[in-house]
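> From the sequence below, what's the structure:
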Amino acid sequence: MNDFSDIDWAQLHQISEDDPEFELELLTMLAEDVRIHIADLRQAVIDRDIVSIGHEAHYIKGASANVGIISITAAAKQIEQLAREQLFVDIAPIVEQMAIDLTHLETYLATKN
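Predicted structure coming up:
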(Lines give C-alpha, C1' and ligand atoms only; values in the text may rest on other atoms or scores of the structure.)
Protein backbone atom coordinates (compact mmCIF):
# COMPACT_ATOMS: atom_id res chain seq x y z
CA MET A 1 0.00 0.00 0.00
CA ASN A 2 3.01 2.32 0.42
CA ASP A 3 2.97 3.52 -3.17
CA PHE A 4 1.65 7.06 -2.71
CA SER A 5 4.40 9.57 -1.95
CA ASP A 6 2.23 12.24 -0.32
CA ILE A 7 1.66 10.16 2.79
CA ASP A 8 3.98 9.96 5.78
CA TRP A 9 3.65 6.21 5.96
CA ALA A 10 5.47 5.96 9.29
CA GLN A 11 2.88 8.28 10.86
CA LEU A 12 -0.03 6.41 9.29
CA HIS A 13 1.35 3.00 10.30
CA GLN A 14 1.84 4.24 13.85
CA ILE A 15 -1.73 5.46 14.34
CA SER A 16 -3.22 2.45 12.54
CA GLU A 17 -0.99 -0.03 14.36
CA ASP A 18 0.07 -1.30 10.90
CA ASP A 19 -3.46 -2.31 9.92
CA PRO A 20 -3.79 -1.72 6.13
CA GLU A 21 -7.59 -1.89 6.15
CA PHE A 22 -7.78 0.64 8.97
CA GLU A 23 -5.32 2.87 7.09
CA LEU A 24 -7.60 2.89 4.05
CA GLU A 25 -10.57 3.66 6.28
CA LEU A 26 -8.71 6.54 7.96
CA LEU A 27 -7.59 8.00 4.62
CA THR A 28 -11.08 7.68 3.15
CA MET A 29 -12.69 9.38 6.15
CA LEU A 30 -10.07 12.12 6.04
CA ALA A 31 -10.67 12.73 2.32
CA GLU A 32 -14.42 13.02 2.83
CA ASP A 33 -13.97 15.34 5.81
CA VAL A 34 -11.35 17.56 4.21
CA ARG A 35 -13.46 17.88 1.03
CA ILE A 36 -16.20 19.52 3.17
CA HIS A 37 -13.74 21.77 4.99
CA ILE A 38 -12.11 22.89 1.73
CA ALA A 39 -15.56 23.96 0.51
CA ASP A 40 -16.05 25.91 3.75
CA LEU A 41 -12.57 27.38 3.37
CA ARG A 42 -13.32 28.50 -0.19
CA GLN A 43 -16.49 30.22 1.04
CA ALA A 44 -14.57 31.91 3.85
CA VAL A 45 -12.08 33.23 1.29
CA ILE A 46 -14.92 34.57 -0.87
CA ASP A 47 -16.46 36.18 2.22
CA ARG A 48 -13.05 37.50 3.32
CA ASP A 49 -13.78 35.98 6.73
CA ILE A 50 -10.29 35.79 8.19
CA VAL A 51 -11.44 34.11 11.41
CA SER A 52 -13.16 31.29 9.52
CA ILE A 53 -10.20 30.95 7.18
CA GLY A 54 -7.93 30.49 10.18
CA HIS A 55 -10.27 28.00 11.86
CA GLU A 56 -10.77 25.91 8.72
CA ALA A 57 -7.06 25.87 7.94
CA HIS A 58 -6.26 24.87 11.52
CA TYR A 59 -8.78 22.02 11.40
CA ILE A 60 -7.51 20.74 8.05
CA LYS A 61 -3.91 20.99 9.24
CA GLY A 62 -4.58 18.91 12.34
CA ALA A 63 -6.71 16.29 10.63
CA SER A 64 -4.32 15.78 7.73
CA ALA A 65 -1.21 15.80 9.94
CA ASN A 66 -2.76 13.16 12.16
CA VAL A 67 -2.86 10.64 9.30
CA GLY A 68 0.27 11.93 7.60
CA ILE A 69 -0.96 13.74 4.48
CA ILE A 70 2.09 15.85 3.76
CA SER A 71 1.00 18.36 1.08
CA ILE A 72 -2.40 19.15 2.57
CA THR A 73 -0.86 19.64 6.00
CA ALA A 74 1.75 22.01 4.57
CA ALA A 75 -0.83 23.99 2.59
CA ALA A 76 -3.14 24.31 5.59
CA LYS A 77 -0.23 25.45 7.76
CA GLN A 78 0.65 28.08 5.16
CA ILE A 79 -2.97 29.28 4.93
CA GLU A 80 -3.21 29.46 8.71
CA GLN A 81 -0.10 31.66 8.79
CA LEU A 82 -1.40 33.91 6.00
CA ALA A 83 -4.70 34.26 7.88
CA ARG A 84 -2.78 35.41 10.96
CA GLU A 85 -1.06 38.00 8.78
CA GLN A 86 -4.38 38.86 7.05
CA LEU A 87 -2.89 38.32 3.57
CA PHE A 88 -6.06 37.41 1.67
CA VAL A 89 -4.56 37.73 -1.80
CA ASP A 90 -2.23 34.76 -1.35
CA ILE A 91 -4.74 32.32 0.15
CA ALA A 92 -7.05 31.33 -2.74
CA PRO A 93 -4.32 29.74 -4.93
CA ILE A 94 -3.14 27.64 -1.99
CA VAL A 95 -6.70 26.48 -1.32
CA GLU A 96 -7.00 25.42 -4.96
CA GLN A 97 -3.70 23.52 -4.81
CA MET A 98 -4.95 21.84 -1.64
CA ALA A 99 -8.08 20.75 -3.51
CA ILE A 100 -5.89 19.31 -6.29
CA ASP A 101 -3.80 17.43 -3.72
CA LEU A 102 -6.99 16.08 -2.19
CA THR A 103 -8.13 14.89 -5.62
CA HIS A 104 -4.81 13.04 -6.00
CA LEU A 105 -5.44 11.33 -2.65
CA GLU A 106 -9.00 10.43 -3.69
CA THR A 107 -7.70 9.02 -7.00
CA TYR A 108 -5.17 6.92 -5.10
CA LEU A 109 -7.87 5.67 -2.73
CA ALA A 110 -10.11 4.75 -5.67
CA THR A 111 -7.41 2.39 -6.90
CA LYS A 112 -7.32 0.69 -3.50
CA ASN A 113 -11.05 0.02 -3.11
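> Can you give me the buried ones in the top helix by length along the chain?
Determined from DSSP state H, the single longest helix within the chain is helix 20-47. By 16 or more other C-beta atoms under 10 Å, the buried positions in helix 20-47 come out as 23, 26-28, 30-31, 34, 37-38, 40-42, 44-45. Every residue, glycine included, has its C-beta placed from N, CA and C.
> Would you mind measuring from the residue nearest the centre of the chain to residue 92?
With distances taken as C-alpha atoms, centre = their mean, residue 72 lies nearest the centre of the chain, 3.7 Å away. Using C-beta to C-beta, to the nearest Å, residue 72 is found at 16 Å from residue 92.
> what does residue 55 give?
Separation of residue 55 from residue 92 (C-beta to C-beta): 17 Å.
> The two: who's more crowded?
residue 55 (17 against 14; other C-beta atoms under 10 Å).
> can you tell me the helix or strand for that one?
helix 50-67 (DSSP states H and E).
> Need the mean per-residue confidence for stretch 48-55.
Stretch 48-55 shows a mean pLDDT of 96.
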